[in-house]
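**Q** Generate a structure from the sequence data that follows.
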Amino acid sequence: MIEKGFKLKDGRLNMLYFTFNNISQKNSLLVQENIEVSDVLDAFNNKLKMELGIGFNIINGINDLIGIPEVSFVINNDNAKIPDKLLQFVLLEYSKHSIEKIHNKSLQDLGMSIEIYLKKEEKIKQVLKNIENNNSILQEEVLLKNITNEEKLNCFSSFFSKIEAEEKELIITDPYLFKESKNKKEDDEYCNILAKIIMKAKAKSIRVITNYRNYNNDIHKKIENKLKSSTVSQERDEYFEAAARFVIEKDKASIGMLQRMFKIGFNRAARIVDQLSDAGIVGPEEGTKPRKVLMSSEQLESYFEEYL
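**A** Have a look, this model is predicted:
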């Protein structure tokens, strides 16, 4: 379902925003005690719920747009029935309390501290108003399980067209976008199709808001690298693919060879050779000698399948 704009409840403005400092770093005591950051946050949240009847939630994508750090949390003050100042004091004090589930350590013991972000309601209201007026939202869509990758790409092309994503900022909110599976082959296929889907948007910039507990840096980097490679491939010469096959067939590469084969000028042939080198298909320049070919035909086809 496609919907132009969205509405936010006034209660969104009555939340206390905060974050845990150092949660992205490998704190030595956390490692020493064999404690996961997610376990610390769960234990702290449970303590607040059990003893005070309040708990926090991870920030969502819309909240992130108002300038609060990405890995942040919220407590709804109205639900908590606790004044702002008192709630801030309670959070900071509770960070000093030991918690049984994390080896009787406190957040402070583990090198973690809480930073409060005070609300600026007028500023937030203005930002939210701008978001309402200027953004299109692509809401969740269910695709058939057994459709082909080509059909998936066509579906998303249609979605992106409806929200006019081209040359705009694309914001993706998905708690599982960078989650790793137990199967490397599935991960590779997932990264390939996701990169191709994102490229279909032709967005000016891309912003991803996800759940840090499901975040895997290797998956993130793999998708990022595929997007960079796809961007580079779009800028390649139209003879790039044919030239790659030609030099592999001849088992050598030179500017003169490409000039004669494709009836093109020196500068264009030189650019194609540089592009072949950047892609790892041919080696570096060696004086006046032809460049060495570094890929087999099978490796080249695998490269084309993955990056073109």
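**Q** could you point out which element follows the helix or strand bottoming out on mean pLDDT in the chain?
**A** When each helix and strand of the chain is scored by mean pLDDT, DSSP states H and E, strand 2-4 comes last, with a mean of 31. Once the chain leaves strand 2-4, the next helix or strand it forms, by DSSP states H and E, is strand 15-21.
**Q** Name every strand pairing with that next one and say which way it goes.
**A** According to DSSP bridges, strand 15-21 forms sheet pairs with strand 73-76 (antiparallel), strand 113-117 (antiparallel).
**Q** Poorly predicted segments of the stretch 201-308 of the chain, please.
**A** Low-confidence segments of the stretch 201-308 of the chain (pLDDT under 70): 229-234, 306-308.
**Q** still on that earlier bit, which of the strands paired with strand 15-21 sits most buried?
**A** Mean neighbour count (mean count of other C-beta atoms under 10 Å) peaks for strand 73-76 among those, with a mean of 19. From N, CA and C alone the C-beta is placed, and that goes for glycine too.
**Q** and residue 269, what is it in contact with?
**A** 255-256, 258-259, 262 (C-beta atoms under 8 Å, 6 or more residues apart in numbering).
**Q** Neighbour-wise, which one of those residues leads?
**A** residue 258 (25 neighbours; other C-beta atoms under 10 Å).
**Q** Looks like it contacts residue 272 (just checking).
**A** Yes: between residue 258 and residue 272 there is a contact under C-beta atoms under 8 Å: 5.7 Å.
**Q** Find residues that contact each of these two.
**A** With C-beta under 8 Å, 6+ apart as the test, residue 258 and residue 272 both reach 239, 243.
**Q** quick one on the thing from earlier: which stretch in the strands paired with strand 15-21 has the least confidence?
**A** Lowest mean pLDDT of the strands paired with strand 15-21: strand 73-76, a mean of 74.
**Q** From the chain's centroid, how far away is that strand?
**A** Offset of strand 73-76 from its chain centre (C-alpha atoms, centre = their mean, to the nearest Å): 23 Å.
**Q** go on, stretch 50-60?
**A** 26 Å.
**Q** could you give me the average pLDDT of that stretch?
**A** 75.
**Q** now swap in stretch 172-192 and tell me
**A** The model assigns stretch 172-192 a mean pLDDT of 83.
**Q** Compute the first-to-last residue distance for it.
**A** By C-alpha to C-alpha, to the nearest Å, the extent of stretch 172-192 from end to end equals 17 Å.
**Q** what residues does it touch?
**A** Under C-beta under 8 Å, 6+ apart, the answer for stretch 172-192 is 60-61, 194, 198, 206-211, 214-220, 222-223, 226, 306.
**Q** what comes up buried for it?
**A** 172-173, 175, 177-180, 187, 190-192 (16 or more other C-beta atoms under 10 Å).
**Q** ok, now stretch 252-271?
**A** 253-255, 257-259, 262, 264, 269, 271.
**Q** Out of those residues, which comes closest to residue 279?
**A** residue 253 (11.7 Å; C-beta to C-beta).
**Q** From residue 273, how far off is that closest one?
**A** 6 Å (C-beta to C-beta, to the nearest Å).
**Q** Look at the most centrally placed residue in the chain and give its secondary structure.
**A** With distances taken as C-alpha atoms, centre = their mean, the residue of the chain nearest its centroid is residue 208 (4.6 Å). What DSSP: H, G, I helix; E, B strand; the rest coil gives for residue 208 is strand.
**Q** Is it bridged to anything, and to what?
**A** residue 172.
**Q** Might you report the residue contacts of it?
**A** Contacts of residue 208 by C-beta under 8 Å, 6+ apart are 171-174, 177-178.
**Q** what number of residues lie near the closest residue to residue 286 other than its chain neighbours?
**A** Spatial nearest neighbour of residue 286, chain neighbours left out: residue 292 (7.6 Å); criterion: C-beta to C-beta, 6 or more residues apart in numbering. When neighbours are defined as other C-beta under 10 Å, residue 292 has 13 of them.
**Q** what's the distance between residue 292 and residue 269?
**A** 18 Å.
**Q** now swap in residue 157 and tell me
**A** Residue 157 sits 34 Å away from residue 269, going by C-beta to C-beta.
**Q** if we can go back for a sec, how about the buried residues of stretch 172-192 in JSON lines, adding secondary structure and distance to residue 242?
**A** JSON lines is the format used below for the buried residues of stretch 172-192 (DSSP: H, G, I helix; E, B strand; the rest coil; distance: C-beta to C-beta, whole Å):
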{"residue": "172", "secondary structure": "strand", "distance to residue 242": "35"}
{"residue": "173", "secondary structure": "strand", "distance to residue 242": "41"}
{"residue": "175", "secondary structure": "coil", "distance to residue 242": "43"}
{"residue": "177", "secondary structure": "coil", "distance to residue 242": "36"}
{"residue": "178", "secondary structure": "coil", "distance to residue 242": "36"}
{"residue": "179", "secondary structure": "coil", "distance to residue 242": "39"}
{"residue": "180", "secondary structure": "coil", "distance to residue 242": "37"}
{"residue": "187", "secondary structure": "helix", "distance to residue 242": "32"}
{"residue": "190", "secondary structure": "helix", "distance to residue 242": "30"}
{"residue": "191", "secondary structure": "helix", "distance to residue 242": "27"}
{"residue": "192", "secondary structure": "helix", "distance to residue 242": "23"}
